[in-house]
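[1] next comes the sequence, and after it the predicted model I'd like to discuss.
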Amino acid sequence: MQTIIKQAVKFILVGILNTLIDLGVLNFLIFASGIAAGPGYSLFKGISFTAAVVNSYFLNKFWTFKVQKTNGVKREFTQFFIVSLVGFGVNVGVASLVVNVIGVQFGLSPKIWANIGALCATFAAMVWNFLGYKFIVFKK
């Protein structure tokens, strides 16, 4: 049980870094384009999520779950990709739901609401990704 707690803590730390990468890329794209809603926002969210996932693969493989094996890497990466693709759908779907369907609430600016949508999406995808990485991709 202690191992899963350590892994969860490391996963959360990696997730914090990934969230910073995700939000950094997202906000750069919002700032550069002025687009904070609609299809452009969904595209930007997809790009920012992808940047975070690449970072996630390496840190989770070698640090969180300490997988050093070199055989079966193709299968492992395929599983990682599939779990991440579902996580991508959860992430972009939740963010788009909050931003484009629910819409701005509480008198907040669209840019602040775009970040709230991104954070809600990050939490939902985090739960899925941890379970998928732990029990499917990097299982021992």
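    Structure's in. What do you need?
[2] can you give me the helices for the chain?
    2-33, 38-59, 73-96, 110-132 (DSSP state H).
[3] run through who's touching the second one.
    The list of residues contacting helix 38-59 from outside it, by Cβ atoms under 8 Å, 6 or more residues apart in numbering, reads 14-15, 17-19, 21-26, 29-30, 33, 35, 77, 80, 84, 87-88, 91-92, 95-96, 99-100, 114, 118, 121, 125, 129. No exception for glycine: its C-beta is placed from N, CA and C like everyone else's.
[4] please redo it, this time with the cut-off set to 6 Å
    By Cβ atoms under 6 Å, 6 or more residues apart in numbering, the surrounding residues in contact with helix 38-59 are 14, 18, 21-22, 25-26, 29, 80, 84, 88, 91-92, 95-96, 99.
[5] in it, what counts as buried?
    Using 16 or more other Cβ atoms under 10 Å as the test for burial, helix 38-59 gives 41, 42, 44, 45, 48, 49, 52, 53, 56, 57, 59.
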